[in-house]
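# the following comprises the amino acid sequence and a computationally predicted model.
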Amino acid sequence: MTIGEDWDVDRPVNREPGFLAQLPLHHDRSAQRPHHCRRRTNPPVDLPIPPTLTREQDPEILKLLHLRNFISPDFFYWNCLFDSAGRVLCHLGPCGAAEVDQAVKAAKLAFEPWSKLSGMERARVMIEAAHIIESRREEIAETEVVNNGKSITEARLDVDSARLCIEYYAGLASTLAGQHVQLPGGSFAYTRREPLGVCAGIGAWNYPFQIAAWKSAPALACGNSMVFKPSPVTPVTAVLLAEIYMQAGAPEGLFNVVQGGQETGSFLCHHPDVAKVSFTGSIPTGQKIMEMASKGVKPVTLELGGKSPLIIFQDSDLENAVRGALMANFLSQGQVCSNGTRVFVQREILSEFVEEVVRRTQAIAIGDPLLESTRMGALVSRPHLEKVLYFVEKAKEEGATVLCGGERFVPADPTLRGGYYMTPCVLGDCTDEMTCVKEEIFGPVMSVLSFETEEEVLQRANDTTMGLAAGVFTRDVARAHRVVEQLKAGSCFINNYNITPVEVPFGGFKMSGIGRENGQVTVEYYSQLKTVFVEMGDVDSLF
């Protein structure tokens, strides 16, 4: 492990062992492993306290001083996370083919006993995992803040969503059933819904813990096992979920975590024992994953990018429309794939709407994400911050007006001044041809456009290769349903935005993805259908 050079060497060092390290290791099976897969015994490296934290703020999270790869019940050492306050904790090194193979083999071993359990038996383990998450809610949320940079308020909601997802699929585990079909002569056929095997999950950095739960819960409920690769930018909290499943009584290796970037993901997608790949991330990466999976004829679930429209009609409740627009653009520092970043406002209320949006945007509290008062934390990395700021400059060059924000933000706290903060931005005078309107920015940048008629705005709203989400605000119920019917998007909102109850399917049309996350339908994406024909009479043969 190499500590980043930009650490302040005068900061205190916590000598307590990390809480991940305190987990009891099961019987040592090192002798059964090839040499390169044996558990390493070099001691963990103590790291300084991240500058966003103090002992008073969170004594537990300060124990997270080193991170290891979670493979079966044992750990392989893994360098620690990057801190989104602008300090590098250490340098990361990816899992290679050997570690990925080890993880898949462990998951394959776990699949056999897990898939033979009844749905009720699997549900008990999952419910216990949900209870553990609930009891550790604050610890997980605070770890997610360090992992990702979002506000503690949002991180708690992410943990809640993860817990609810696991509870929901625990409830569905015992309901998986086939169909009986009566055939002539007393013969019949029936179908069985069976698990796929080892599933690969590849997560994004904007909702690390939540995505790990969203992918693992339906997979495990259906009787599968999973190897999960979090984003290398946010590697921590998926390991916590693996720990929690173990504590809940899951078989060794049922949910494994491997760390790394593109190459590690490639090893996972190409592995012959991986039966399915579920990915959340960008469209270009999703296309590559689909291509890799196709070589093994593996099903994929892809939740990809979006450039979603939010349509606000003149008869809208203005207060709710403003709230919806803010939630559609500034949640998680704007780093949400479903964000409604193209805000179409009917011309009659444009000035009033923009005035109120700008006023409230300027009032958003930016800063230390661990503080309760903070509503916007740090973006996930310096390159990403620079990319978002570039889009703002490009918008100005193309004729858009910056109504507020769009600049690097430097907190007053000196320990946060290296962080990746920016002021939330509202762009006016936007047109459909501008880069900021056509391309996914994935940051706190709202583009406001005006429109005249329903027919016009529908044509413009659908003029994109993506189709993840869309929203409409209006008091006219007939119009709301009429517009939603014509919007080419997989997840549509009427008089609200960016709500994702786990009981409801989430996913996109067009280049925004394939398959769905959440909801009852997702069990179809983590299972396969077997048809059984039963003949009750003699074989009617032509020979």
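Ah, there it is. Numbering: from 1, shown residues only.

# which one is residue 510 nearest to, not counting chain neighbours?
Of all residues not flanking residue 510 in the chain, residue 467 sits nearest, at 4.0 Å (C-beta to C-beta, 6 or more residues apart in numbering). Every residue, glycine included, has its C-beta placed from N, CA and C.

# and what of residue 460?
residue 432 (5.8 Å).

# ditto for residue 331
Nearest to residue 331 is residue 498, by C-beta to C-beta, 6+ apart, at 5.6 Å.

# could you tell me which residues make contact with the one you found?
Contact analysis of residue 498 by C-beta atoms under 8 Å, 6 or more residues apart in numbering lists 327-328, 331, 336, 338-340.

# which neighbouring elements make contact with the helix or strand hosting residue 171?
Using DSSP states H and E, residue 171 sits within helix 152-173. Other elements packing on helix 152-173 under the criterion 3 or more C-beta pairs under 8 Å, 6 or more residues apart in numbering; DSSP states H and E are helix 119-135, helix 137-148, helix 208-221.

# circling back: just the buried members of the contacts of residue 498?
327-328, 331, 336, 338-340 (16 or more other C-beta atoms under 10 Å).

# what about the closest residue to residue 285 other than its chain neighbours, how many residues nearby?
Distance criterion C-beta to C-beta, 6+ apart; nearest residue to residue 285, sequence neighbours excluded, is residue 279 at 7.2 Å. Residue 279 has 29 neighbouring residues, counting by other C-beta atoms under 10 Å.

# picking up where we left off before, can you list the contacts of residue 498 in JSON lines and add pLDDT and secondary structure?
JSON lines is the format used below for those (pLDDT from 0 to 100; DSSP: H, G, I helix; E, B strand; the rest coil):
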{"residue": "327", "pLDDT": "98", "secondary structure": "helix"}
{"residue": "328", "pLDDT": "98", "secondary structure": "helix"}
{"residue": "331", "pLDDT": "97", "secondary structure": "helix"}
{"residue": "336", "pLDDT": "98", "secondary structure": "coil"}
{"residue": "338", "pLDDT": "98", "secondary structure": "coil"}
{"residue": "339", "pLDDT": "98", "secondary structure": "coil"}
{"residue": "340", "pLDDT": "98", "secondary structure": "coil"}
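
# show me what contacts the spatially most central residue of the chain?
Nearest to the mean C-alpha position of the chain, counting by C-alpha atoms, centre = their mean, stands residue 211 at 3.4 Å. By C-beta under 8 Å, 6+ apart, the residues touching residue 211 are 201, 203-204, 280.

# leaving out chain neighbours, which residue sits closest to it?
Computed as C-beta to C-beta, 6+ apart, the closest residue to residue 211 that is not its neighbour in sequence is residue 203, at 4.2 Å.

# now the angle from the helix or strand harbouring residue 200 to helix 208-221?
Taking DSSP H and E as the definition, one finds residue 200 inside strand 198-202. Strand 198-202 runs at 160 degrees relative to helix 208-221, counting by axes from the mean of the first three to the mean of the last three C-alpha atoms, to 10 degrees.

# name the helices or strands packed onto strand 198-202?
helix 97-116, helix 208-221, strand 225-229, helix 262-270, strand 274-280.

# pull the residues that contact that strand.
By C-beta under 8 Å, 6+ apart, strand 198-202 touches 104, 107-108, 111, 211-212, 215-216, 219, 224-229, 265, 268-269, 271, 273-281, 289, 526.

# going by neighbour count, which of these are buried?
Listed as buried from the contacts of strand 198-202 are 104, 107-108, 111, 211-212, 215-216, 219, 224-229, 265, 268-269, 271, 274-281, 289, 526; burial here means 16+ other C-beta under 10 Å.
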